[in-house]
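Chemist: Here is a sequence with its predicted model. Questions after.
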Amino acid sequence: MSRYLCILGRFWKNSLLREMSFRGHFAVNVFGELLWVVLLLVFIDVIYSRTPDINGWTEAEYLFLTGTHLLVTGLFEAFFFENCWRISGLVRRGDLDFVLLKPANTQFLLSFQQISYSSLANAPVGIGVCLYALRGDTQGVSAGQWGWFCVLVAAGVVVLYSVLFMFALTSVWLIRQTGVDHLWFYAVSLARYPAEIYRRFVGGALYFSLVFVVPLLLVSNLPANVVVRTVEPWMVAYLLSATAVLLSLSGVVLRAALRSYRSASS
Amino acid sequence: MRKYRTVFMVALADRLVYRVDFFVSTFLMFIPIVTTVLLWRAIYSGAGGENIGGLNYSDMVSYYLLVMVVRAFGSMPRLASTVASDIRDGELRKYLLQPISYLGYQGTLRLAHKIIYFIMAAAPYALVFWICRRFLPAWPDGGTLCLCVVSLVLAGAIGFFINALIGLLGFWFLEIASFLHLFMTVQYFLSGHMFPLALLPASVRTVISYLPFAYETYYPTLVLLQRTEMASAVEVIGVQAVWVTVLAIVTRVAWSRGLRRYAAFGG
């Protein structure tokens, strides 16, 4: 365990050194992330200047959902996005060999090698948007609610990681699988909005799929609901179970992918 | 001209190699339009079905569908990052030694990619548009159709030059990914891709109309939506042509200045 913590520390230090080698690049990245948040807030303001609510979500609730979404996606992008994205390149060039030759768990090495500190900036911004949505009225939220919020945010990040990691591994079979960044963009597009808007579409099939097959709709909605709306306890239990299942499945898919992997070099 | 034809044919063959990849990407591309339309349905429902920004619900659905068509012309995936990495890794010298214009080569590649894209994506697009036919405007007459095509081609040219310019920043900066990310964020908003610019206050809209981004997506979409009179559609095309000319000149200047700094690093 301590060996892995040591490796993790080295990975994060290397990533920090890399990002600090391009300080201007880092600053522009952080500025870009902040600008995106501002544009999202403008969009929400534009929407709510025309309607009092969206499927029962008031502006404050929707703002809280947006903040939660920024927190979940910021954490995922910081810790896992680049790692998932680079898998197809490792497979295509045969560089996965170098990962396999190292005396450490392959999933660990593939998942934690890089951290994006500029994306990490979205996490405090997300928390800031959440607090702004509550307009300082945090007294109405119990410690238990905040506790569950943290647990469900973590579960959301793990769900996103498991789904994207498994999708990235399909590059072993499909080669030049360039869709990880696309899939991430679309997953973010889906998870950003109140889950209720999907309920009546194609007889609820999309809602059902995005809740009970690949629970992308829950990664931001459920933590936000715990604080600003109400949540059925079984939904919390379901998301936690689904998180455990997806995480285990990602290990199974990795082992299957490695059995099919043929180095591309020489 | 023959060498560009060869580049074009090679690029066509390359695009046809990864067909599964292509279909996965094309399928996924329709996800945001579904989520956006569902969001707007909820917004119109909350607003009691009233017009928003002069658009009713059908107009709004049509707007987002047609934005996809316009973006299919204007978006240039990986152009900027390819140009920048060719500069950074020293790959550019390979092209400088050949009797071919590098940007002409990149333009020919994109043209081939677009043509293959339009052919292969025609069926999914037709299916989605058929499903959503009740929202769409009537099929345009011959004159309007010609204006639409010209506007789309010019939107593609604006997209090409803007992305090439971002890529050429590679002459001055080692890493341009952050600029690209920033640019895409700004473009998503200012081009009207995020939501119709009509929803913004008039003063903000006026400022945005002095930038090229709206002429890459928003105004061509209005032309397709037939929300502009014939005269103002011609005006949109005129401004687009001016932007293409300006951007082509700026690209040419940036290329010449950049080449003077180029040191052809890499092995």
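Modeler: Cool, got the structure.

Chemist: Residues of chain B that sit close to chain A?
Modeler: Chain B comes close to chain A at residues B:18, B:20-21, B:24-25, B:28-29, B:31-32, B:34-36, B:38-39, B:41-47, B:50, B:52, B:173-175, B:177-179, B:181-182, B:185-186, B:188-189, B:194-195, B:199-200, as judged by CB under 8 Å from any CB of the partner chain. Quick note: C-beta positions are derived from backbone N, CA and C, even for glycine.

Chemist: Give me the buried subset of the residues you listed.
Modeler: Those of these that meet the buried threshold are B:18, B:21, B:24-25, B:28-29, B:31-32, B:34-36, B:38-39, B:41-44, B:46-47, B:52, B:173, B:175, B:177-179, B:181-182, B:185-186, B:189, B:194-195, B:199-200, by 16 or more other CB atoms under 10 Å in any protein chain shown.

Chemist: hang on, the earlier thing: restricted to helices, list the residues of chain B next to chain A.
Modeler: B:20-21, B:24-25, B:28-29, B:31-32, B:34-36, B:38-39, B:41-46, B:177-179, B:181-182, B:185-186, B:188-189 (DSSP state H).

Chemist: what helices or strands is the helix or strand hosting A:Met166 leaning on?
Modeler: Assigned by DSSP states H and E, A:Met166 belongs to helix A:143-169. For helix A:143-169, the packing partners by 3 or more CB pairs under 8 Å, 6 or more residues apart in numbering or on different chains; DSSP states H and E come out as helix A:59-76, helix A:82-85, helix A:87-93, helix A:106-112, helix A:180-191, helix A:218-228, helix A:233-260.

Chemist: For these, give me a markdown table that also has mean neighbour count, distance to A:Phe165 and mean pLDDT.
Modeler: Below are the helices and strands packed on helix A:143-169 laid out as a markdown table (neighbours: other CB atoms under 10 Å in any protein chain shown; distance: least, CB to CB, whole Å; pLDDT from 0 to 100):
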| stretch | mean neighbour count | distance to A:Phe165 | mean pLDDT |
| --- | --- | --- | --- |
| helix A:59-76 | 24 | 11 | 94 |
| helix A:82-85 | 19 | 5 | 91 |
| helix A:87-93 | 19 | 8 | 86 |
| helix A:106-112 | 17 | 7 | 93 |
| helix A:180-191 | 20 | 9 | 78 |
| helix A:218-228 | 26 | 14 | 95 |
| helix A:233-260 | 15 | 5 | 95 |
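
Chemist: Of all those helices, which one is nearest chain B?
Modeler: helix A:180-191 (4.2 Å; CB to the nearest CB).

Chemist: Check which residues of the very next helix or strand once past that closest one are buried.
Modeler: Once the chain leaves helix A:180-191, the next helix or strand it forms, by DSSP H and E, is helix A:205-208. Buried residues in helix A:205-208, defined by neighbour count with 16+ other CB under 10 Å: A:206-207.

Chemist: Could you confirm whether helix A:205-208 reaches chain B?
Modeler: Yes - using CB under 8 Å from any CB, helix A:205-208 reaches chain B at A:Leu206.

Chemist: which residues touch that helix?
Modeler: Applying CB atoms under 8 Å, 6 or more residues apart in numbering or on different chains, the contact partners of helix A:205-208 are A:195, A:198-199, A:201, A:217, B:34.

Chemist: Of the residues you listed, which is the most crowded?
Modeler: With neighbours defined as other CB atoms under 10 Å in any protein chain shown, the most crowded of those is A:Tyr198; it has 25 neighbours.

Chemist: Could you give the backbone dihedrals for A:Tyr193?
Modeler: Backbone torsions for A:Tyr193, taken as degrees, to the nearest 10, come to phi -100, psi 160.

Chemist: residue contacts, it?
Modeler: B:35, B:38-39.

Chemist: Now do the buried residues in the helix or strand containing B:Ile115.
Modeler: Using DSSP H and E, B:Ile115 falls within helix B:102-131. Across helix B:102-131, burial judged by 16+ other CB under 10 Å covers B:102-103, B:105-114, B:116-117, B:121, B:125, B:128-129.

Chemist: Enumerate every residue touching the residue nearest to B:Tyr215 when sequence neighbours are not counted.
Modeler: Using CB to CB, 6 or more residues apart in numbering or on different chains and skipping the chain neighbours, the partner closest in space to B:Tyr215 is B:Gln240 (4.9 Å). Taking CB under 8 Å, 6+ apart, we find B:Gln240 in contact with B:151, B:154-155, B:158, B:215, B:219-220.

Chemist: any idea which of the residues you listed has the most stuff around it?
Modeler: Result: B:Pro220 is most packed of the contacts of B:Gln240 (other CB under 10 Å), 34 neighbours.

Chemist: For that residue, give me its contacts.
Modeler: Counting by CB under 8 Å, 6+ apart, B:Pro220 touches B:70, B:73-74, B:148, B:151-152, B:154-155, B:236, B:240.

Chemist: Now tabulate these in a markdown table and tack on distance to A:Ser248.
Modeler: Shown next, in a markdown table, are the contacts of B:Pro220 (distance: CB to CB, whole Å):
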| residue | distance to A:Ser248 |
| --- | --- |
| B:Val70 | 44 |
| B:Phe73 | 44 |
| B:Gly74 | 43 |
| B:Cys148 | 52 |
| B:Ser151 | 52 |
| B:Leu152 | 48 |
| B:Leu154 | 52 |
| B:Ala155 | 47 |
| B:Val236 | 55 |
| B:Gln240 | 53 |
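
Chemist: Out of those residues, the closest to A:Ile127 would be?
Modeler: B:Gly74 (35.9 Å; CB to CB).

Chemist: What's the local residue count around that closest one?
Modeler: 26.

Chemist: Ok, B:Ala164 next?
Modeler: For B:Ala164, using other CB under 10 Å, the count is 25.

Chemist: Would you check that it makes contact with B:Arg252?
Modeler: No - if you go by CB atoms under 8 Å, B:Ala164 and B:Arg252 don't touch, sitting 10.2 Å apart.

Chemist: Let me see the contact set for B:Leu79.
Modeler: B:Leu79 makes contact with B:106, B:110, B:160, B:163-164, B:167 under the criterion CB under 8 Å, 6+ apart.

Chemist: ok, now A:Val253?
Modeler: Per CB under 8 Å, 6+ apart, neighbours of A:Val253: A:165-166, A:169.

Chemist: where's it relative to A:Val91, distance?
Modeler: Going from A:Val253 to A:Val91 by CB to CB, to the nearest Å gives 13 Å.

Chemist: which residue packs closest to residue 61, ignoring adjacent ones?
Modeler: I'll assume chain A. In space, A:Glu61 is closest to A:Val228, 4.7 Å off (CB to CB, 6+ apart).

Chemist: Chain B was what I was after
Modeler: In space, B:Val61 is closest to B:Phe135, 4.0 Å off (CB to CB, 6+ apart).

Chemist: from memory that neighbour sits against B:Ser58, does it?
Modeler: Yes - counting by CB under 8 Å, B:Phe135 touches B:Ser58, with 4.4 Å between them.

Chemist: And these two? Which one has more around it.
Modeler: Comparing B:Phe135 with B:Ser58 by neighbour count (other CB under 10 Å), the higher total belongs to B:Phe135, at 18 against 14.

Chemist: Good, we can wrap up now.
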